[in-house]
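Visitor: Here is a sequence together with a model predicted from it:
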Amino acid sequence: MAETGRLVGPVEVVGTGLVGTSVALACRRAGLEVLLSDRSDEHVRTASGLGAGRARRPDDRPQLVVVAVPPDALGPVITAALAASDAVVTDVGSIKARPLAHVLEDPAAARHASRYVGSHPMAGSEHSGPLAATETLFEGRPWAITPHPGADVGAVELVEDLVRVVGAVVAWLTPEEHDRAVARISHVPHLVSSLVAARLAGAPDNHLSLSGQGVRDVTRVAAGDPRLYGQIVAGNAAAVGELLVELRGDLDAMIAAIGADERGDLEQLLEVGVAGTRAIPGKHGAPATATVSVFVTVPDHPGELARLLADAVASEVNVEDIRIDHDTSRPTGLVELVVDERSGERLLVSLESRGWVTHR
């Protein structure tokens, strides 16, 4: 078996899309040798041209193989990687129980299952392909490691080392718990976003002209590849289906409350939603803190956004988040600066003193 417990390379990345190429770039930044393989030679050439590594040769012996392929291909590619060398194998797929079952149900692969440790970085984009990759994609982001009971301790340590090398934060879950968690915080939100976005398809232009940042926030993830998300949801059908049934119950209750003009029932449902937003961890995993938004009108001219951010820095207020809503009818944009609620008034006064038009 290959050396484990300390990642020295080479690292082979199988699948040079957004996530795979980002893993490769982060490993290269750390000085590790990276080997690239993909069904698409063009993707390998592109990733290599970006500095993510080189194409794998038959005589290469990777220490760690990172499988970064679509969900439907995870099981077969993982078993092939276990058979091809004595390397530790992990994957970065968004479902964990089904690939593990595929390994354990294959007699040849099951003999090497101790070298397989599933994992999943909670980072990505609605964009895809190697050109969308970045070496900083995982910095500060949770990365789940989901070892099964038969996993070798050294193999688990090697995957943990990979997570730290790319700058992510380790989260430990079982494969089954991981799948329930991502159904709740990723898969079902994506499906709901898609349903909301579908209400916009074919909508009259005079309706769409009223669009603001709110609808963009809700529908952003709906722009993801339908084929990929179809595979993801199918691979996690039980957990996703259970949550959708719960959601359907709440939706029925909301429709009934609206139809009967039961304001109290409706407000109670909305209050639970508010509680849910507060449950989302804040920066660095700390409890979320109360924030306020300061809105600033910014002329659509070169350098204006940079000037606003410089003035925000000069006010000595930490900006927690920033959003931009473009005004389609005027040559301006509306920038939302999200700050701790104790700093809102200070930022407002500071920016107004520098000539900015602001409001809450």
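Guide: Cool, the structure landed. Since the structure is predicted, the reported quantities are computational estimates derived from the model, not experimental observations.

Visitor: just for this structure, where's the confidence low?
Guide: Along the chain, the parts satisfying pLDDT under 70 run over 1-5, 126, 282-289, 326-330, 360.

Visitor: Go again with 50.
Guide: Filtered on pLDDT under 50, the chain yields the residue ranges 1-4.

Visitor: That one - how does it break down into domains?
Guide: 11-173, 180-279, 291-359 (automatic domain parsing).

Visitor: how long is the last one end to end?
Guide: Think domain 291-359. 15 Å (CA to CA, to the nearest Å).

Visitor: can I assume G224 is in contact with H190?
Guide: Yes. When contacts are counted by CB atoms under 8 Å, G224 is listed as touching H190 (6.8 Å). Just so you know, the C-beta spots here come from the backbone N, C-alpha and C atoms, and that holds for glycine as well.

Visitor: tell me which element V296 falls in.
Guide: If you go by DSSP states H and E, V296 is part of strand 291-299.

Visitor: Tell me which helix or strand comes right after that strand.
Guide: Downstream of strand 291-299, the first helix or strand assigned by DSSP H and E is helix 304-314.

Visitor: How far away from the center of its chain is that next one?
Guide: In terms of CA atoms, centre = their mean, to the nearest Å, the centre of helix 304-314 is set 28 Å apart from its chain centre.

Visitor: which of the residues in that helix are buried?
Guide: Within helix 304-314, the residues that count as buried by 16 or more other CB atoms under 10 Å are 304-305, 308, 311-312.

Visitor: Any idea how many residues pack against S125?
Guide: Counted with other CB atoms under 10 Å, the neighbours of S125 add up to 15.

Visitor: Surely it forms part of a strand?
Guide: No. Counting by DSSP: H, G, I helix; E, B strand; the rest coil, S125 is not found in a strand; it is coil.

Visitor: residue contacts, it?
Guide: With contacts defined as CB atoms under 8 Å, 6 or more residues apart in numbering, the neighbours of S125 are 18, 132, 137.

Visitor: one more time with 10 Å
Guide: S125 makes contacts with 18-19, 22, 132-134, 137, 221, 223-224, as judged by CB atoms under 10 Å, 6 or more residues apart in numbering.

Visitor: Report the buried members of the residues you listed.
Guide: Neighbour counting over the contacts of S125 (16+ other CB under 10 Å) leaves 18-19, 22, 132-133, 137, 221, 224 as the buried ones.

Visitor: Mark which of these are part of helices, please.
Guide: 18-19, 22 (DSSP state H).

Visitor: so which of the contacts of S125 comes closest to A168?
Guide: Proximity of the contacts of S125 to A168 (CB to CB) peaks at L137, which lies at 9.1 Å.

Visitor: Check whether the closest one really touches R29, as I assumed.
Guide: No. Between L137 and R29 there is no contact under CB atoms under 10 Å: 11.4 Å.

Visitor: Pull up the overlap in contacts between these two.
Guide: Common neighbours of L137 and R29, counting by CB under 10 Å, 6+ apart, are 166-167.

Visitor: picking up where we left off before, list the buried residues for the strand holding V296?
Guide: For strand 291-299, by 16+ other CB under 10 Å, it's 292, 294-296, 298.

Visitor: Strand partners (parallel or antiparallel) of it?
Guide: If you go by DSSP bridges, strand 291-299 pairs up with strand 332-340 (antiparallel), strand 357-359 (antiparallel).

Visitor: Just tell me which of those strands ends up closest to S114.
Guide: Among the strands paired with strand 291-299, strand 332-340 sits nearest to S114 (CB to CB), with 46.3 Å.

Visitor: can you give me the strands in the stretch 101-250 of the chain?
Guide: All strands of the stretch 101-250 of the chain, identified by DSSP state E, counting those that start in this stretch, fall at 118-121, 142-146, 169-172.

Visitor: Return the most buried member of those.
Guide: Across these, the average number of neighbours (mean count of other CB atoms under 10 Å) peaks for strand 118-121, which reaches a mean of 26.

Visitor: For that one, list the C-alpha coordinates in CSV.
Guide: The C-alpha trace of strand 118-121 is given here as CSV (Å, rounded to 0.1, in the frame of the first residue of the first chain):
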residue,chain,number,x,y,z
GLY,A,118,-15.3,9.4,0.7
SER,A,119,-15.3,13.1,1.0
HIS,A,120,-17.1,16.2,-0.3
PRO,A,121,-16.1,19.9,-0.4
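
Visitor: Now do it: which elements does it pack against?
Guide: With contacts taken as 3 or more CB pairs under 10 Å, 6 or more residues apart in numbering; DSSP states H and E, strand 118-121 sits against helix 18-29, strand 64-67, strand 88-91, helix 97-105, strand 142-146, helix 153-165, strand 169-172, helix 175-182.

Visitor: want to throw the ones you listed into JSON lines with distance to D41?
Guide: Shown next, in JSON lines, are those (distance: least, CB to CB, whole Å):
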{"stretch": "helix 18-29", "distance to D41": "14"}
{"stretch": "strand 64-67", "distance to D41": "18"}
{"stretch": "strand 88-91", "distance to D41": "22"}
{"stretch": "helix 97-105", "distance to D41": "25"}
{"stretch": "strand 142-146", "distance to D41": "29"}
{"stretch": "helix 153-165", "distance to D41": "26"}
{"stretch": "strand 169-172", "distance to D41": "34"}
{"stretch": "helix 175-182", "distance to D41": "32"}
